[in-house]
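Trainee: Fold the following and give me the result.
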Amino acid sequence: MEKKKHTAREAAYRSLILCERDKKYSSLEIDSSIKRFSLEGADRGLYTTLVYGVIERKITLDHIIGKLSSKPIDKLDPEVITLLRMGLYQLIWLDRIPDSAAVNETVNLAKRNAPRAASFINALLRGFLRTMGKNNLPYPSEGSPDYLSVRYSCGEDVLSVLAESVSDVEAVLSAFEVHPDVTLRVNTLKISRDELLARLTEKGIDAVPTSYSPFGVRLTKKTLPKEVSELISDGHVYIQDEASQIAVLAASPKPDTVLIDTCACPGGKSFSAAILMENRGRVMSFDLHKNKLSLVDSGAKRLGINIIGTAEKNGSKRDEALVSSADTVICDVPCSGLGVIAKKPEIRYKSDEEINRLPEIQYAILSNSAAYVKSGGVLCYSTCTLNKAENEAVVKRFLEGNSEFSPEDFSIGTLESADGMLTLLPNLHGTDGFFVAKLRKK
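Mentor: Numbers count the residues shown, from 1 in each chain. Got it, this is the predicted structure:
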């Protein structure tokens, strides 16, 4: 029987093979494997760190392997490449694991999964320690064509989009290397932010108010304390990045009105809107995926919200019964996710083909959602990407064809929109990368 100390690495190896071969989403694979392998405590932490970390640093790791290997990397078996990535990741980025343990455990893993390559893997890892080490990584020189890709492990297609959309690509990529703090949205139907902060301080949990949202709390440690998990279970808070909170604040829904959230799951914006509406009025939460709507229903129940109704709907297909029915429509569309790379490492490697097909879908959803807005009502468009083609360009195209709508400026804390649009950057605002546009129907 396999020794317990190998369990986390064995599980990580198998998950990485599946993610690479079958293109499985790491978050879903991690959730599944934690249950399948009954990983707890330190094993669970090491497993999660290895899977996310190796995916996040894949291009950098492959560059280093290419420098060390006597065989071209495209001639190595996928199992061997995965084992080398795991070993090098531990040697470079996991300071608490001794070098000897990182090498020995990787070689032991190779003996069980790629036995003919075990000696090769051992030699390469020891060669890395002897000739390079983590303080002397062979990055290309700054300014060279592949510097940003190798240094920040980011695909060329994503880099090309960022270069056209943000002023300082490296600053944004550097911000994505910092794993973000957990941010909570306070449920003011049950507790005020000041009361929550006082309760957290009393329990010895370090937390600070968010910089812009008056309803957010940021935890300064990456792990979720038991006491916070209990507060989530009790409906006093839920996890929501400050950028998403800002998007709903921009929409500014009022009590005793009707709001439609056209792409609602997993429900954070619907919850935030209902709380701002003081649980008075009506929130209709729609999503294309029926199986996800239960998350909205159960979340609303936990939070003590009873004005949210859910239904399966395609955001790009009009429901005539809803035309001109809503005071506020929130349109948080599917996007390339280039603003949440720090949370979803696979996004680094998206292709042009995956990204370029999105603006048409987004425009269709925005155009359809606009039909549901009453005269004088608000249409709020948002994405968690930094791609101008999915953000400003979609909004401008919509405005050119819908003269009854006009941009409306808004401010949240010290944030000020321009022409009704606001882009949040992780390096400047400490939030997810995010885009929000507020439009008013005349």
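Trainee: continuing past the lowest-mean-pLDDT helix or strand in the chain, what's the next helix or strand?
Mentor: The element with the least model confidence among the helices and strands of the chain, by mean pLDDT, DSSP states H and E, is helix 26-36, at a mean of 88. On the C-terminal side of helix 26-36, the closest following helix or strand by DSSP states H and E is helix 41-56.
Trainee: what comes up buried for that next one?
Mentor: By neighbour count on 16 or more other Cβ atoms under 10 Å, the buried set for helix 41-56 is 43-44, 46-56. No exception for glycine: its C-beta is placed from N, CA and C like everyone else's.
Trainee: contacting residues around Leu200?
Mentor: Counting by Cβ atoms under 8 Å, 6 or more residues apart in numbering, Leu200 makes contact with 206-207, 217, 227-228.
Trainee: Just the buried subset of those residues, please.
Mentor: Neighbour-count burial (16+ other Cβ under 10 Å) applied to those gives 207, 217, 228.
Trainee: Which of the three states applies to the nearest residue to the second one once chain neighbours are set aside?
Mentor: With Cβ to Cβ, 6 or more residues apart in numbering as the measure, Leu184 is the residue that lies nearest to Val217, at 4.6 Å, once sequence neighbours are left out. The assignment at Leu184 comes out as strand when based on DSSP: H, G, I helix; E, B strand; the rest coil.
Trainee: For Leu184, the count of nearby residues, please.
Mentor: 28 (other Cβ atoms under 10 Å).
Trainee: Model confidence at it, what's the number?
Mentor: If you check Leu184, the pLDDT there is 97.
Trainee: likewise Lys226?
Mentor: At Lys226, the model reports a pLDDT of 89.
Trainee: Kindly check the end-to-end length of stretch 150-157 for me.
Mentor: Length of stretch 150-157, first residue to last, Cα to Cα, to the nearest Å: 13 Å.
Trainee: swap that for stretch 279-296, sorry
Mentor: End to end - Cα to Cα - stretch 279-296 spans 15 Å.
Trainee: related to what we said a few turns ago, need the buried residues of helix 41-56 in CSV (columns: pLDDT).
Mentor: Formatted as CSV, the buried residues of helix 41-56 follow (pLDDT from 0 to 100):
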residue, pLDDT
Asp43, 90
Arg44, 91
Leu46, 94
Tyr47, 94
Thr48, 94
Thr49, 94
Leu50, 96
Val51, 95
Tyr52, 95
Gly53, 96
Val54, 97
Ile55, 96
Glu56, 96
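Trainee: Closest one of those to Lys35?
Mentor: Taking Cβ to Cβ as the measure, Lys35 lies nearest Arg44 of the buried residues of helix 41-56, at 10.6 Å.
Trainee: The closest one contacts Ala11, doesn't it?
Mentor: No. With contact defined as Cβ atoms under 8 Å, Arg44 does not reach Ala11; the gap is 9.3 Å.
Trainee: got the buried residues for the longest strand along the chain?
Mentor: Assignment by DSSP state E gives strand 373-383 as the longest strand of the chain. Of all the residues in strand 373-383, those buried under the rule 16+ other Cβ under 10 Å are 373-374, 377-383.
Trainee: which residue ranges form the strands in the stretch 301-442 of the chain?
Mentor: Applying DSSP state E, counting those that start in this stretch to the stretch 301-442 of the chain gives strands spanning 308-312, 326-332, 373-383, 405-407, 411-412, 415-416, 421-424, 434-441.
Trainee: Format those strands as a markdown table; extra columns: mean pLDDT.
Mentor: Output for those, formatted as a markdown table (pLDDT from 0 to 100):
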| stretch | mean pLDDT |
| --- | --- |
| strand 308-312 | 97 |
| strand 326-332 | 98 |
| strand 373-383 | 98 |
| strand 405-407 | 98 |
| strand 411-412 | 97 |
| strand 415-416 | 98 |
| strand 421-424 | 98 |
| strand 434-441 | 98 |
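Trainee: So which of those is the most surrounded?
Mentor: Comparing those by mean neighbour count (mean count of other Cβ atoms under 10 Å), strand 326-332 comes out on top with a mean of 26.
Trainee: can you give me the angle it makes with strand 373-383?
Mentor: 20 degrees (axes from the mean of the first three to the mean of the last three Cα atoms, to 10 degrees).
Trainee: Please put the alpha-carbon coordinates of strand 326-332 into CSV.
Mentor: The C-alpha trace of strand 326-332 is given here as CSV (Å, rounded to 0.1, in the frame of the first residue of the first chain):
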residue,chain,number,x,y,z
ALA,A,326,-37.2,45.6,-15.3
ASP,A,327,-35.9,48.8,-13.6
THR,A,328,-32.4,47.3,-13.6
VAL,A,329,-30.8,44.7,-15.8
ILE,A,330,-27.4,43.2,-14.9
CYS,A,331,-25.6,41.7,-17.8
ASP,A,332,-22.4,39.9,-16.5
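Trainee: From the chain's centroid, how far away is that strand?
Mentor: Its chain's C-alpha centre and that of strand 326-332 lie 23 Å apart, by Cα atoms, centre = their mean, to the nearest Å.
Trainee: who's in contact with stretch 278-296?
Mentor: Residues contacting stretch 278-296 (Cβ under 8 Å, 6+ apart): 189, 253-267, 270, 273-274, 277, 304-315, 322, 326.
Trainee: Straight-line length of that stretch, end to end?
Mentor: With Cα to Cα as the measure, the ends of stretch 278-296 fall 17 Å from one another.
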